[in-house]
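Chemist: the amino acid sequence is not available; the structure is as follows:
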């Protein structure tokens, strides 16, 4: 068993969270959230990995052949869709904030009243 995918997932999550914490731009914030979300893809695929596993198609395959878990693959695809929707929403809000305030800096946007 290799711990490398888990370490990569943790590293991606930490890098993304650091970017979110230090972001001075809403577009940069959306990209950092995408990096953070990609850590969950790596983690889900690492959990579902089976050494020498085949696709979960069992017609014509002898009993006892190792196969990967299709539920984890479906969860990863769902995670990708959720990530795209969240990033699209954040980018739409960033464009709206830019239209109203003329900036994408969160500190300057917070000073606007109305």
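Modeler: Perfect, I can see it now. Note that the coordinates shown come from a computational prediction; the quantities given were computed from them, not determined experimentally. Residues are numbered from 1 along each chain as shown.
Chemist: contacts and neighbour counts: CA atoms only from here.
Modeler: Noted.
Chemist: I'd say residue 30 and residue 89 touch.
Modeler: No. Distance between residue 30 and residue 89: 9.4 Å, which falls outside the contact criterion (C-alpha atoms under 8 Å).
Chemist: which one of the two is surrounded by more residues?
Modeler: Ranked by neighbour count (other C-alpha atoms under 10 Å), residue 30 and residue 89 place residue 30 first, with 22 against 13.
Chemist: next, the nearest residue to residue 23 once chain neighbours are set aside: secondary structure please.
Modeler: Spatially, and ignoring its direct neighbours in sequence, residue 23 is nearest to residue 29 (5.7 Å; C-alpha to C-alpha, 6 or more residues apart in numbering). Following DSSP: H, G, I helix; E, B strand; the rest coil, residue 29 is assigned to helix.
Chemist: quickly note the distance from residue 29 to residue 89.
Modeler: Between residue 29 and residue 89 the computed distance is 12 Å (C-alpha to C-alpha, to the nearest Å).
Chemist: low pLDDT regions in the protein?
Modeler: Judged against pLDDT under 70, the low-scoring parts of the chain cover residues 110-114.
Chemist: buried ones in the helix or strand containing residue 99?
Modeler: Counting by DSSP states H and E, the secondary-structure element that holds residue 99 is helix 70-101. Taking 16 or more other C-alpha atoms under 10 Å as the neighbour-count basis, helix 70-101 is seen to contain the buried residues 72, 73, 76, 79, 80, 83, 87, 90, 91, 94, 95, 97.
Chemist: show me the contacts for the residue nearest the centre of the chain.
Modeler: For the chain, residue 37 is the residue whose C-alpha lies nearest the centre (C-alpha atoms, centre = their mean; 1.9 Å). Contact criterion C-alpha atoms under 8 Å, 6 or more residues apart in numbering gives 13, 83 as the residues in contact with residue 37.
Chemist: change it to 7 Å
Modeler: Taking C-alpha atoms under 7 Å, 6 or more residues apart in numbering as the criterion, residue 37 is in contact with residue 83.
Chemist: ok, residue 59 to residue 65 distance?
Modeler: With distances taken as C-alpha to C-alpha, residue 59 is found 12 Å from residue 65.
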